[in-house]
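**Q** with the input below, show me the fold.
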Amino acid sequence: MQAEDAPERIQKLLVTGDNRLKQGVDPAKTRQSYEQALEAAREAGLEEVIRPLVELRLADLERLAGESPPPAQPDA
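**A** Numbering: from 1, shown residues only. Below you'll find the model as predicted:
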């Protein structure tokens, strides 16, 4: 990966993780997207900038995993 491609790749991985989180995809896949973004940031020398963003997202993921699922909506 070239250095100039890194920010775009990192952003794409973060957005993918965010979308997975919103869509209720398997938390392991969501976590994987965020961890890949952090790894890409590390390789590009941007870890210090990206790590807080990833840590926030991972904390949200953990918080949501600890909550019970929303109640089912009654049939209309």
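
**Q** which secondary structure element of this protein has the lowest mean pLDDT?
**A** Every helix and strand in the chain was compared by mean pLDDT, DSSP states H and E; the lowest is helix 47-66, with a mean of 93.

**Q** just the helices in the chain please.
**A** 6-23, 27-43, 47-66 (DSSP state H).

**Q** gap between the first one and the chain center?
**A** Right, helix 6-23. Distance of helix 6-23 from the chain centroid (Cα atoms, centre = their mean, to the nearest Å) equals 6 Å.

**Q** check which helices and strands it sits against.
**A** Judged by 3 or more Cβ pairs under 8 Å, 6 or more residues apart in numbering; DSSP states H and E, the packing partners of helix 6-23 are helix 27-43, helix 47-66. Every C-beta, even on glycine, is put in place using the N, C-alpha and C of the backbone.

**Q** among those helices, which is nearest Ala6?
**A** Evaluated with Cβ to Cβ, these place helix 27-43 nearest to Ala6, the distance being 6.0 Å.

**Q** buried sites along that closest one?
**A** Judged by neighbour count (16 or more other Cβ atoms under 10 Å), helix 27-43 contains these buried residues: 30-31, 33-34, 36-38, 40-41.

**Q** check the model's average confidence along stretch 35-44 for me.
**A** Here stretch 35-44 scores 97 as its mean pLDDT.

**Q** so Leu53 makes contact with Val15?
**A** No. With contact defined as Cβ atoms under 8 Å, Leu53 does not reach Val15; the gap is 11.5 Å.

**Q** may I have the least confident helix or strand of the chain as PDB, with CA atoms only?
**A** The C-alpha coordinates for helix 47-66 follow below in PDB (Å, rounded to 0.1, in the frame of the first residue of the first chain):
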ATOM      1  CA  GLU A  47      -1.600   5.300  14.400                       C
ATOM      2  CA  GLU A  48      -1.600   8.200  17.000                       C
ATOM      3  CA  VAL A  49      -4.300  10.000  15.000                       C
ATOM      4  CA  ILE A  50      -6.500   7.000  14.200                       C
ATOM      5  CA  ARG A  51      -6.200   5.000  17.500                       C
ATOM      6  CA  PRO A  52      -8.600   7.300  19.400                       C
ATOM      7  CA  LEU A  53     -11.200   7.000  16.700                       C
ATOM      8  CA  VAL A  54     -10.900   3.200  16.600                       C
ATOM      9  CA  GLU A  55     -10.900   2.900  20.400                       C
ATOM     10  CA  LEU A  56     -14.200   4.900  20.600                       C
ATOM     11  CA  ARG A  57     -15.800   2.700  18.000                       C
ATOM     12  CA  LEU A  58     -14.600  -0.500  19.800                       C
ATOM     13  CA  ALA A  59     -16.000   0.800  23.100                       C
ATOM     14  CA  ASP A  60     -19.400   1.400  21.400                       C
ATOM     15  CA  LEU A  61     -19.200  -2.100  20.000                       C
ATOM     16  CA  GLU A  62     -18.600  -3.500  23.400                       C
ATOM     17  CA  ARG A  63     -21.300  -1.400  25.000                       C
ATOM     18  CA  LEU A  64     -23.800  -2.500  22.400                       C
ATOM     19  CA  ALA A  65     -22.800  -6.200  22.700                       C
ATOM     20  CA  GLY A  66     -23.600  -5.900  26.400                       C
END
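
**Q** kind regards, and thank you for your time.
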